[in-house]
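Trainee: sequence and predicted structure below; questions after.
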Amino acid sequence: MVESQQEQLRSEIAELVDRLGADRSSLIPILQDVKRRRHAVDGEAMQVIADMLDIHPVEVYSVASFYAFLHGAPQGAHVIRLCRTVSCDFAGKDAVADALRAELGIDFDQTTEDGVFTLEWASCIGMCDQGPALLVGDEVRTRVTADDVCAIVADCRSTTGRAAS
Amino acid sequence: MSSATIETQGNALTYATIEPDAGLTAALAMSRSDIIDTLGESGLKGRGGAGFPTGMKWNFCAAEKADQKYIICNADEGEPGTFKDRVILTRFADLVFEGMTIGGRAVGATLGIVYLRAEYSYLRPHLNEAIKSRRERGLLGRSIMGVEGFDFDIITALGAGAYVCGEETALIESLEGFRGEPRNRPPFPVVAGLLNNPTVVNNVETLASVAAIFARGTGWFKGFGTDKSTGYKLFSVSGDCDKPGVYEFSWGITVAELLGEVGGEGAKAVQIGGASGVCVPARDFSRRLAFEDVATGGSIMVIGPQRDILDVAENFLEFFVEESCGQCTPCRLGNPQMLRAVQLLREGACPPKFLADVKALGATMQVASKCGLGQTSPSAFLSILEGFDDEISKRAPSA
């Protein structure tokens, strides 16, 4: 029998609540996991989480919308976050930003139509000695040049099947 | 773990010479009050930036009566230009855990939590592995090192991308599953912190220093630094210099001496303490890095002569507009006004009256904002206006 999408969402979240506990302090770890798997925390997911933690869905929305790594529209399978803070700026982040825009055909805070890439700015990511720096998902890349952008994007494309599964 | 995390250059770090678990062994041979007295005697002050005496913080927490207390390691290293905690967590995680364990013994806590910023999530498997290894060696868990009744464990928790969570009460809110909005203080976390229990929140570097102090002794530690700023400090150096990286210096080094070490001579300014710190112009490079002069969590951003100082101010203010939690009015509304003033100054179109009003607003924010974010966000703006009046007024509209 094929699980409906709704049932699948419920069982995913139920499994998380089982593992992390139904306490309020589990809310952010649950949101992080849902975001990682589904690339978004939509209204339905928020409602299910609220039911299982026995809190109002507005509470879930309030928390999810507060944090940079949780909020916003559905993201691509790969989220590229370029650091825009001073040291990375001095090191040449603008050229990298232009290359990313050109390679992906989107601007910052946008997602490609195929749903593969989201481009975002990051506040300082602690790689100031090796800028310009960016995060591809959880992985950090340093001393990035405009010429590197093509390879970084190609790397992501080659793992998209895996990331989406 | 990415190779980039261990590629950071710099000078030799004392932490590399500290014998593993020597500090913990020494501390566990002491009574709880002797541990706290020793820490007080060392003069150690918080390495995250605020500089609160660590011994005093532990003492407040130890004095509280509660069934459950916590030691939180603040690894939410978000201040622009700082990355020394990343290096410590990468290379010396065991020293940090040792410091937390000593803290657990001293204040009577049974659980330690490392709050790791989301941007450092790639470090989490490495940290969890080190914690697991300590459990297997009897350095965490029940009756640590054979001390009957001393039970302490450590877990890691991941932030979700919010600079303000580096503020200790916002961090606690986040751990409890809420928006990272700072609480009113008092009560301080040492009295009512995580889940209302007494909680010590210490910076990564502070905890590593604790382990070093107990391994080598307070006399050794006080051999570094100045009377009011004992010991050594890690500095995260970036920007316009030849040798960016993590450097260890004794407190009291001048800005000029530091620039000489990192190949940053010829800078026109140094931003000390990150976006929330102050911008020191070249004429003040004889100032000292110490709690009694320029206090800092260690972010050093070198600003070369080719830079437009207003670009720097604008970058910081965009950061604060983005990262303000929005809870209190001075911070939520003040930062956009300062950003507006900088943008007008860049265009040479800032009316003097507006500039004067925004300066006064900055001074108001420093006293009226609820937490350190809004209290310190005007610092760079105001110090840049003061230190670079010539460069900025050239662009002001003619009267």
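Mentor: Done, it's in.

Trainee: endpoints of stretch B:99-115, how far apart?
Mentor: 15 Å (C-alpha to C-alpha, to the nearest Å).

Trainee: any part of that stretch near chain A?
Mentor: No: judged by C-beta under 8 Å from any C-beta of the partner chain, stretch B:99-115 makes no contact with chain A; its nearest approach is 10.3 Å. In short, each C-beta sits where N, CA and C put it, glycine included.

Trainee: tell me the buried residues in that stretch?
Mentor: Using 16 or more other C-beta atoms under 10 Å in any protein chain shown as the burial criterion, the residues of stretch B:99-115 that qualify are B:99-109, B:111-115.

Trainee: what about it, average pLDDT?
Mentor: For stretch B:99-115, mean pLDDT rounds to 98.

Trainee: how is the chain divided into domains?
Mentor: Picked chain A for this. Following automatic domain parsing, one gets these domains for chain A: A:5-64, A:78-164.

Trainee: please go with chain B instead
Mentor: Taking automatic domain parsing as the reference, chain B has its domains at B:3-222, B:232-303, B:309-389.

Trainee: go through those domains and name the closest to A:His39.
Mentor: A:His39 lies closest to domain B:3-222 among the domains of chain B, at 15.0 Å (C-beta to C-beta).

Trainee: distance between that closest one and the chain's centre?
Mentor: On the basis of C-alpha atoms, centre = their mean, to the nearest Å, domain B:3-222 sits 12 Å off its chain's mean C-alpha point.

Trainee: quick check on residue 66: phi, psi?
Mentor: I went with chain A, as the question did not name one. phi -80, psi -40 (degrees, to the nearest 10).

Trainee: oops, I was thinking of chain B
Mentor: Phi and psi for B:Ala66, reported as degrees, to the nearest 10, are phi -160, psi 150.

Trainee: ok so, going back, from the buried residues of stretch B:99-115, which land in helices?
Mentor: B:Gly99, B:Met100, B:Thr101, B:Ile102, B:Gly103, B:Gly104, B:Arg105, B:Ala106, B:Val107 (DSSP state H).

Trainee: closest one of the residues you listed to B:Gly266?
Mentor: Proximity of those to B:Gly266 (C-beta to C-beta) peaks at B:Gly99, which lies at 38.4 Å.

Trainee: show me the contacts for the closest one.
Mentor: B:Gly23, B:Asn202, B:Thr206, B:Leu207, B:Ala208, B:Ser209, B:Val210, B:Ala211 (C-beta atoms under 8 Å, 6 or more residues apart in numbering or on different chains).

Trainee: number of nearby residues for the closest residue to it other than its chain neighbours?
Mentor: In space, and not counting its chain neighbours, B:Gly99 is closest to B:Leu207: 3.1 Å by C-beta to C-beta, 6 or more residues apart in numbering or on different chains. By the measure other C-beta atoms under 10 Å in any protein chain shown, the count of residues near B:Leu207 is 29.

Trainee: what's downstream of the longest helix anywhere in chain A, the next helix or strand?
Mentor: Secondary structure of chain A read by DSSP H shows that its longest helix is helix A:5-20. As assigned by DSSP states H and E, the chain's next helix or strand after helix A:5-20 is helix A:27-38.

Trainee: could you find the closest non-adjacent residue to whatever residue of the stretch 251-399 of chain B ends up closest to chain A?
Mentor: For the stretch 251-399 of chain B and chain A, the shortest gap (C-beta to the nearest C-beta) falls at B:Asn315, measuring 5.0 Å. Excluding the flanking residues, the one nearest B:Asn315 by C-beta to C-beta, 6+ apart is A:Val86, at 5.0 Å.

Trainee: neighbours of that neighbour, how many?
Mentor: Neighbours around A:Val86, by other C-beta under 10 Å: 29.

Trainee: end-to-end on stretch B:168-186?
Mentor: End-to-end distance (C-alpha to C-alpha), stretch B:168-186: 12 Å.

Trainee: ditto for stretch A:104-118
Mentor: 9 Å.

Trainee: chain center to that stretch: distance?
Mentor: Computed by C-alpha atoms, centre = their mean, the chain-centroid distance of stretch A:104-118 equals 12 Å.

Trainee: in terms of pLDDT, where does B:Met56 sit?
Mentor: Listed pLDDT for B:Met56 reads 98.

Trainee: number of nearby residues for it?
Mentor: For B:Met56, using other C-beta under 10 Å, the count is 14.

Trainee: now do the same contact list for it.
Mentor: B:Met56 is in contact with B:Gly40, counting by C-beta under 8 Å, 6+ apart.

Trainee: can you confirm it is in a strand?
Mentor: No: per DSSP: H, G, I helix; E, B strand; the rest coil, B:Met56 lies outside any strand segment and is helix.

Trainee: quick revisit: dump the domains of chain A to a markdown table, plus mean pLDDT.
Mentor: Formatted as a markdown table, these follow (pLDDT from 0 to 100):
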| stretch | mean pLDDT |
| --- | --- |
| domain A:5-64 | 96 |
| domain A:78-164 | 94 |
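
Trainee: so which of those is the most surrounded?
Mentor: domain A:78-164 (a mean of 19; mean count of other C-beta atoms under 10 Å in any protein chain shown).

Trainee: roughly how far is that domain from the heart of the chain?
Mentor: 12 Å.

Trainee: what comes up buried for stretch B:285-299?
Mentor: Neighbour count says stretch B:285-299 has B:285, B:287-291, B:293-299 buried, by 16+ other C-beta under 10 Å.

Trainee: need these in a markdown table with distance to A:Ile30, can you?
Mentor: Compiled in a markdown table, those are given as follows (distance: C-beta to C-beta, whole Å):
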| residue | distance to A:Ile30 |
| --- | --- |
| B:Phe285 | 50 |
| B:Arg287 | 48 |
| B:Arg288 | 48 |
| B:Leu289 | 43 |
| B:Ala290 | 44 |
| B:Phe291 | 41 |
| B:Asp293 | 46 |
| B:Val294 | 43 |
| B:Ala295 | 39 |
| B:Thr296 | 37 |
| B:Gly297 | 32 |
| B:Gly298 | 34 |
| B:Ser299 | 33 |
